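Student: only geometry, no sequence info:
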Ligand SMILES: Cc1ncc(COP(=O)(O)O)c(C=O)c1O
């Protein structure tokens, strides 16, 4: 045991690894989940050791947030329909079947959140997975399973001072090797390698380049840079996840701020000279980047656009902006 411990690497956490975001009062074992077609307790929902997805990463998932509005005593599930539509797309790329339509999945999730009586910001994790308990790497002739898990959840990253990032030494997976547009469990090893490299270097997040050297995205976020009032982001054909927060920000930018959005390849050094760089995603929400590869971005503090977008996004997801209310499904 002592010899084993001696071999453990000492990992200095990056700035993002603060206190756990899970509420201390949350009892995971007693939480309600949707499993095997019904609502059950987490502790009564077990998977076998040989579950195919655990060994081969043969699963796809979503990350959805619900936001608590204290004034209205209401929990809003944000853009769940779009998340479940993307889950269906991911499943179809893997030739997997989801037994419920996106609309039915929204309803199932609302019922689940209600049953759990969540009264705080919440994270929802649906997973479609190969459930057969057998050896042999493939996608065909295996059973598909499905569950939804949810828990209270706060900040994914410490965004208070902006993020310090590095360009990762790991390259982004390529569409013809493992599609980035699908949220496939196995491909998240690519994100995990990049994220841990950044954290072990004392940083908050990694920015990952594609095989051609252009910027793709963060380990679990889409990336924008702002130059002279134009929002610039890689195209969906640049091996990125087609992010729902990305689509939300692009709509904001053009419709509400009346400013131009451009989707095009981004060079690494454009990051260094951008007025602002933003990472966005369901987990990271709107995160200003203040440093990349030891170079300050936009003066080394969150810029005015990042602040404005963050403020608007915060109101939008809590159902405070009438125009976007339809994206926020009330749970109670
Ligand atoms: C690799 C990757 N890119 C981008 C995103 C952002 O996507 P979304 O805004 O839909 O959460 C995520 C979110 O999980 C992600 O994992």
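Tutor: Arrived safely, thanks for sending. This is a predicted model, so every value here is computed, not measured.
Student: and whatever residue of the stretch 51-200 of the chain ends up closest to the ligand, what does it touch?
Tutor: Of all residues in the stretch 51-200 of the chain, residue 63 sits closest to the ligand, at 4.8 Å by CB to the nearest ligand atom. The C-beta positions use only the backbone N, C-alpha and C, and glycine is treated the same way. Neighbour list for residue 63: 83, 123, 124, 125, 183, 281, 282, 283 [criterion: CB atoms under 8 Å, 6 or more residues apart in numbering].
Student: then residue 213?
Tutor: Contacts of residue 213 (CB under 8 Å, 6+ apart): 267, 268.
Student: let's go with 7 Å and repeat that
Tutor: residue 268 (CB atoms under 7 Å, 6 or more residues apart in numbering).
Student: helix/strand/coil for it?
Tutor: Counting by DSSP: H, G, I helix; E, B strand; the rest coil, the backbone at residue 213 sits in coil.
Student: the ligand versus that one, what's the distance?
Tutor: 18 Å (CB to the nearest ligand atom, to the nearest Å).
Student: and if you look at residue 201?
Tutor: 20 Å.
Student: what is the burial count for the nearest residue to that residue once chain neighbours are set aside?
Tutor: Leaving out its chain neighbours, the residue that sits closest to residue 201 by CB to CB, 6 or more residues apart in numbering is residue 166, at 6.0 Å. Number of residues near residue 166 (other CB atoms under 10 Å) recorded here: 20.
Student: hang on, residue 166 packs against residue 291?
Tutor: No: distance between residue 166 and residue 291: 8.9 Å, which falls outside the contact criterion (CB atoms under 7 Å).
Student: what's near enough to touch residue 132?
Tutor: Residue 132 touches 52, 142, 143, counting by CB under 7 Å, 6+ apart.
Student: neighbours around the last one, how many?
Tutor: By the measure other CB under 10 Å, the count of residues near residue 143 is 12.
Student: same deal with residue 95?
Tutor: Neighbours of residue 95 using other CB under 10 Å come to 9.
Student: OK, contacts around it?
Tutor: Taking CB under 7 Å, 6+ apart as the criterion, residue 95 is in contact with residue 139.
Student: now do the phi/psi pair for it.
Tutor: phi 50, psi 40 (degrees, to the nearest 10).
Student: residue 69: what's its closest spatial neighbour, skipping adjacent residues?
Tutor: The nearest residue in space to residue 69 (CB to CB, 6+ apart) is residue 318, at 4.5 Å.
Student: state the distance from that neighbour to the ligand.
Tutor: 17 Å.
Student: hang on, isn't that residue packed against residue 67?
Tutor: Yes: using CB under 7 Å, residue 318 is in contact with residue 67, at 4.8 Å.
Student: what is in contact with those two at once?
Tutor: Contacts common to residue 318 and residue 67, judged by CB under 7 Å, 6+ apart, are residue 76.
Student: my read is that residue 121 contacts residue 151, right?
Tutor: No: shown here, residue 121 and residue 151 do not form a contact pair, counting by CB under 7 Å, at 10.3 Å.
Student: can you pull the pLDDT of the residue nearest to residue 201?
Tutor: At residue 166, the model reports a pLDDT of 98.
Student: quick one: secondary structure of it?
Tutor: Under three-state DSSP, residue 166 comes out as strand.
Student: out of the contacts of residue 63, which end up buried?
Tutor: 83, 123, 124, 183, 281, 282, 283 (16 or more other CB atoms under 10 Å).
Student: any chance of these in JSON lines, plus pLDDT?
Tutor: Output for the buried ones among the contacts of residue 63, formatted as JSON lines (pLDDT from 0 to 100):
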{"residue": "83", "pLDDT": "98"}
{"residue": "123", "pLDDT": "98"}
{"residue": "124", "pLDDT": "98"}
{"residue": "183", "pLDDT": "98"}
{"residue": "281", "pLDDT": "98"}
{"residue": "282", "pLDDT": "98"}
{"residue": "283", "pLDDT": "96"}
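Student: so which of the residues you listed are in strands?
Tutor: Taking DSSP state E as the definition of strands, those contribute 123, 124, 281.
Student: what's near enough to touch the first one?
Tutor: Read that as residue 123. 63, 65, 150, 151, 153.
Student: how far off centre is the helix or strand where the fourth one lies?
Tutor: Applying DSSP states H and E as the criterion places residue 151 in strand 144-152. Shown here is strand 144-152, whose average C-alpha point lies 15 Å from the average C-alpha point of the whole chain (CA atoms, centre = their mean, to the nearest Å).
Student: and for stretch 192-207?
Tutor: On CA atoms, centre = their mean, the centre of stretch 192-207 falls 16 Å from that of its chain.
Student: what pLDDT, on average, does that stretch get?
Tutor: pLDDT averaged over stretch 192-207 gives 98.
Student: coming back round to it: the residue nearest to residue 69: neighbouring residues, count only.
Tutor: 20.
Student: swap in residue 51?
Tutor: 19.
Student: was I right to think it contacts residue 135?
Tutor: No: between residue 51 and residue 135 there is no contact under CB under 7 Å: 11.5 Å.
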